[in-house]
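Trainee: Structure of the sequence below:
(2 chains)
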Amino acid sequence: MTTKYEALTGAEAAALAMKQINPDVVAVYPITPQTPIVMKFSEYVANGEVDTEMVRVESEHSAMSATVGAAGAGARAMTATAANGLALMWEIVYIAASTRLPIVMGLVNRALSGPINIHCDHSDSMGARDSGWIQIYSENAQEVYDNYFMALRIAEHKDVLLPVMVCQDGFITSHSVENVLPLEDAQVKKFIGKKNFKGLLTSEKPYTIGPLDLQDYYMEHKMQQHDAMKHVIPVIEKIQKEYAETFDRKYEIIEEYRTDDADMVIVGMSSVMGTVKDVIDMMREEGIKVGAVKPRLFRPFPAEKIKNVLSKFKAIIILDRSDSFGSFPPLYGEILASFFAAEKKPYIKSFIHGLGGRDTNVEMIKEVISELQKLRDTGESNFTIDYLGVR
Amino acid sequence: MSKEIKKGWKEIPIGGLLLDAGNSREYETGTWRTFKPIHNAEKCINCYFCWEFCPDNSILIKDDKVVGMNYFQCKGCGVCAAVCPTKAIEMVKEEK
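Mentor: The predicted model follows:
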């Protein structure tokens, strides 16, 4: 195994992972802050370092359409996008999932306008949470890199056959340089294996993809999708275990940080959890028993697991990087639902933070922890939703 | 109309995939008909206009002659009757 770190941005880590996967087809359109992924990947194509047929399409609608076409014909096909790009490919995003195509897409989280904004929040991917895609959220460049290989295996698993979004935070992760420990090409090749598919579409063995599906069979196909999602969590656990055994890199669906003796935790996803962990370390020196819980998977939502993990604590605050106007912020809402049938429930509060790339800094996380202490001791702000750092 | 027993979600290919080509032959669209084309061999000059225009390939030909309609597939659109130069096809209301 290689022990040489490389200085890579999250976007470059994604491009390197794609290069090592060496997909048959990549159809992609540039959009900030996803552009450096496709920029770097086209460099690999131009240098002849991959065998990929790269389709330079005229929009994201076409990017997803071409990816669906390639995957439907039996190729290993990938793409990447962000925010308004995801919005433009919307109808085909649903088609990719309902046609059961194992596409892996890099999603660089960015605020979905308006007013127009190019910086990070999760409003783009959260809008797609009911599209039938699996959603994995990455905290840093290393996670982005490793998630790509696991995502491919999850997507192509015979019990799953669903597309996967590998999400990373726009600019914060995609454009920041970090130390990344890559794998060797041969190791990747061995881990991902050959695509286990029904074979390429040929005139000798024709089949029809995406036919009209009306009242008589549509619900049966939705039931298949519903059922496929149930297989995802056990498949991920198996693949994460294999990844840990093969490469000595341990990932879990829900990561716990300093929770052993904690009576309160902050729950959140992606890059903010790096800051949260640092602030927890500071607070621990002052004797405050606080921990962090980071779900890596949002679709399917690991409800049972999250309930089991979180029921150990007296108080939890959930950080959502997007709002659901007029309802519960996505992660908060899912966690509330997970606890409905539980006998023991912690005090629970929601903060919406970091919209449009607003920095969630150390001071803000300290404020969250002080709110958490109040919540634990008094329960007064139970079930409340607030904006963090808003004027 | 025949009462077909439809397959359950575990018995059909995933994602709406159709694995066998040309399976529309098995789909009875004849039940959609309100008017039924009746072919009159005596008036027919075998010009094949109906065969050319029929959107459902429902005009039956045998030994170079028009011999009738495939009522399993014919939706009763009436284009055959409309293009027939000798009025050899008559549209008659379906009795159901």
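Trainee: Please make it C-alpha for all contacts and neighbour counts, starting now.
Mentor: Will do.
Trainee: Next up, the contacts around the residue nearest to the spatial centre of chain B.
Mentor: Ranked by distance to the mean C-alpha position of chain B (C-alpha atoms, centre = their mean), the top residue is B:C74 at 2.1 Å. Residues near B:C74 by C-alpha atoms under 8 Å, 6 or more residues apart in numbering or on different chains: B:T29, B:G30, B:R33, B:D56, B:S58.
Trainee: Need the three-state assignment for A:S338.
Mentor: When the structure is reduced to helix, strand and coil (DSSP: H, G, I helix; E, B strand; the rest coil), A:S338 reads as helix.
Trainee: which residues in the stretch 151-300 of chain A form helices?
Mentor: When secondary structure is read from DSSP state H, counting those that start in this stretch, the stretch 151-300 of chain A shows helices at A:185-192, A:218-247, A:272-285.
Trainee: mind giving me TSV with these and columns for distance to A:N140 and mean pLDDT?
Mentor: Conversion of the helices of the stretch 151-300 of chain A to TSV gives the following (distance: least, C-alpha to C-alpha, whole Å; pLDDT from 0 to 100):
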stretch	distance to A:N140	mean pLDDT
helix A:185-192	20	97
helix A:218-247	17	98
helix A:272-285	8	98
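Trainee: For A:V309, find the nearest of the ones you listed.
Mentor: The closest of those to A:V309 is helix A:218-247. By C-alpha to C-alpha, the value is 15.6 Å.
Trainee: Low-confidence ranges, the chain, go.
Mentor: By default, I'm working from chain A. Low-confidence segments of chain A (pLDDT under 70): A:1-2, A:196-199.
Trainee: That was the other one, I meant chain B.
Mentor: In the predicted model of chain B, residues B:1-3, B:96 satisfy pLDDT under 70.
Trainee: Get me the contact residues on it for chain A.
Mentor: Residues of chain B lying close to chain A (C-alpha under 8 Å from any C-alpha of the partner chain) are B:K6, B:G8, B:W9, B:K10, B:I14, B:G15, B:G16, B:L17, B:L18, B:L19, B:D20, B:A21.
Trainee: Most neighbours of all these, which one?
Mentor: Within those, neighbour counts (other C-alpha atoms under 10 Å in any protein chain shown) peak at B:G15, which reaches 25 neighbours.
Trainee: Tell me the spacing between the closest residue to that residue other than its chain neighbours and A:G69.
Mentor: Distances taken as C-alpha to C-alpha, 6 or more residues apart in numbering or on different chains put A:T99 closest to B:G15, at 4.2 Å, once the chain neighbours are dropped. With distances defined as C-alpha to C-alpha, to the nearest Å, the gap from A:T99 to A:G69 amounts to 11 Å.
Trainee: between the two, who's got more neighbours?
Mentor: The residue with more neighbours, out of A:T99 and A:G69 and counting by other C-alpha under 10 Å, is A:T99; that gives 24 against 17.
Trainee: Quick check, that one in contact with B:P13.
Mentor: No: no contact is recorded between A:T99 and B:P13 when judged using C-alpha atoms under 8 Å, the distance being 10.5 Å.
Trainee: can you count the residues close to A:Q168?
Mentor: Look at A:Q168: counted by other C-alpha under 10 Å, it has 33 neighbours.
Trainee: Who are the contact partners of it?
Mentor: For A:Q168, the set of contacting residues under the criterion of C-alpha under 8 Å, 6+ apart consists of A:10, A:106-109, A:137-140, A:144, A:174, A:270-271.
Trainee: Can you add secondary structure and give the residues of chain B next to chain A back as JSON lines?
Mentor: Converted to JSON lines, the residues of chain B next to chain A look like this (three-state DSSP):
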{"residue": "B:K6", "secondary structure": "coil"}
{"residue": "B:G8", "secondary structure": "coil"}
{"residue": "B:W9", "secondary structure": "coil"}
{"residue": "B:K10", "secondary structure": "coil"}
{"residue": "B:I14", "secondary structure": "helix"}
{"residue": "B:G15", "secondary structure": "helix"}
{"residue": "B:G16", "secondary structure": "helix"}
{"residue": "B:L17", "secondary structure": "coil"}
{"residue": "B:L18", "secondary structure": "strand"}
{"residue": "B:L19", "secondary structure": "coil"}
{"residue": "B:D20", "secondary structure": "coil"}
{"residue": "B:A21", "secondary structure": "coil"}
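Trainee: Please, which helix or strand holds A:D124?
Mentor: Per DSSP states H and E: A:D124 is located in helix A:123-127.
Trainee: got it, and A:M364?
Mentor: A:M364 belongs to helix A:362-378 when elements are defined using DSSP H and E.
Trainee: Count the residues that sit near A:P163.
Mentor: Look at A:P163: counted by other C-alpha under 10 Å, it has 28 neighbours.
Trainee: residues contacting it?
Mentor: Listed by C-alpha under 8 Å, 6+ apart, the contact partners of A:P163 are A:A96, A:A97, A:R100, A:L101, A:P102, A:I103, A:V104, A:M105, A:G132, A:W133, A:I134, A:A155.
Trainee: any idea which element the residue lying closest to the first one once chain neighbours are set aside lies in?
Mentor: The spatial neighbour of A:A96 that comes closest, neighbours along the chain excluded (C-alpha to C-alpha, 6+ apart), is A:V68 at 5.9 Å. With elements delineated by DSSP H and E, A:V68 resides in helix A:60-72, which encompasses its position.
Trainee: Same check on B:M91?
Mentor: B:M91 belongs to strand B:89-93 when elements are defined using DSSP H and E.
Trainee: And that strand, what's buried?
Mentor: With burial defined by 16 or more other C-alpha atoms under 10 Å in any protein chain shown, the residues of strand B:89-93 counted as buried are B:I89, B:E90, B:M91.
Trainee: just curious, which of the residues you listed is nearest to A:D121?
Mentor: Among those, and counting by C-alpha to C-alpha, the member closest to A:D121 is B:M91, at 63.3 Å.
Trainee: so what's that closest one bridging to?
Mentor: B:P37 (DSSP bridges).
Trainee: and it, what does it touch?
Mentor: By C-alpha under 8 Å, 6+ apart, the residues touching B:M91 are B:F35, B:K36, B:P37, B:I38, B:G78, B:A81.
Trainee: doesn't B:E95 make contact with the second one?
Mentor: No: under the criterion of C-alpha under 8 Å, B:K36 lies out of contact with B:E95, with a separation of 9.4 Å.
Trainee: which stretches of chain B form strands?
Mentor: Taking DSSP state E as the criterion, chain B contains strands spanning B:35-39, B:59-62, B:65-69, B:89-93.
Trainee: just checking, which of the contacts of A:P163 belong to strands?
Mentor: With DSSP E as the criterion, strands contain A:V104, A:M105, A:I134 from among the contacts of A:P163.
Trainee: closest to A:E285 among the residues you listed?
Mentor: The shortest separation between A:E285 and any of the ones in strands among the contacts of A:P163 is 38.1 Å, and it belongs to A:I134 (by C-alpha to C-alpha).
Trainee: Show the contacting residues for the closest one.
Mentor: With contacts taken as C-alpha under 8 Å, 6+ apart, A:I134 has the following neighbours: A:L162, A:P163, A:V164, A:M165, A:L297, A:F298, A:R299, A:P300.
Trainee: For the fifth one, which non-adjacent residue is closest in space?
Mentor: In other words, A:L297. Counting by C-alpha to C-alpha, 6+ apart, the nearest residue to A:L297 once its immediate chain neighbours are dropped is A:I136, at 4.7 Å.
Trainee: any idea how far the one you found is from A:F325?
Mentor: As defined by C-alpha to C-alpha, A:I136 lies at a distance of 23 Å from A:F325.
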